[in-house]
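K.L.:
predicted model and sequence follow; I will ask about them next.
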Amino acid sequence: MLASQTGLIQQTPPAFSALKIRGKRASDRLRQGEIIELSPRPVRIDRIDLIRYDWPDLEIRVDCGRGTYIRSIARDVGQLLGVGGYLIQLERTRIGQFTVEQSVRLETLNCENIQSFIHPIQSTSLLTLNLRD
């Protein structure tokens with residue numbers, strides 16, 4: 001069942017998302033009472049692993065390409081099971097080449113050490129830091 005959600009799939013984004021529809025976020029349009037319908041888009045799901053199942057909770061690990069909505073995976077897996085699905089918790093463990101193990105807690109940064117944690121812009125196209133004094 002989880003295997004059916006892997007590969008290059010068509011995924012409908014959640015209605016409450018930052019996707020722009022005619023220049024305005026879908027979530028803002030919904031809050032204003034507008035009825036919207038988002039079209040499915042191609043996303044790449046490399047892997048979904050079952051970590052734990054304890055009814056009614058299902059814990060999974062997902063390795064996916066950019067633009068994938070994890071909330072939509074929860075919704076779609078719930079629909080496949082015939083029970084509905086939503087997120088209780090989400091932990092992002094990697095963005096591109098950057099992993100959670102490489103992360104630094106904000107409270108440990110200061111003027112003396114911050115430069116040692118900044119990566120050159122050439123090292124990734126996914127992360128840009130704007131630092132101000």
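P.N.:
It's in.
K.L.:
how far does the lengthiest helix in the chain sit from the chain's center?
P.N.:
In the chain, assigned by DSSP state H, the helix with the most residues is helix 70-81. The chain centre lies 14 Å from the centre of helix 70-81; the measure is C-alpha atoms, centre = their mean, to the nearest Å.
K.L.:
one more: stretch 21-41?
P.N.:
Taking C-alpha atoms, centre = their mean, the mean C-alpha location of stretch 21-41 is offset from the chain mean by 19 Å.
K.L.:
picking that back up, other residues contacting the longest helix of the chain?
P.N.:
1-2, 4-5, 11-14, 45, 48, 58, 60, 62, 64, 84-87, 90 (C-beta atoms under 8 Å, 6 or more residues apart in numbering). Every residue, glycine included, has its C-beta placed from N, CA and C.
K.L.:
mind checking the end-to-end distance for stretch 25-37?
P.N.:
The stretch stretch 25-37 measures 13 Å between its terminal residues, going by C-alpha to C-alpha, to the nearest Å.
K.L.:
give me the contacts around that stretch.
P.N.:
The set of residues that contact stretch 25-37 without belonging to it, under C-beta under 8 Å, 6+ apart, is 13, 15-21, 38.
K.L.:
who does the longest strand seen in the chain pair up with?
P.N.:
Under DSSP state E, the strand in the chain containing the largest number of residues is strand 41-54. Here the strand partners of strand 41-54, with direction, are listed using DSSP bridges: strand 7-11 (antiparallel), strand 57-64 (antiparallel).
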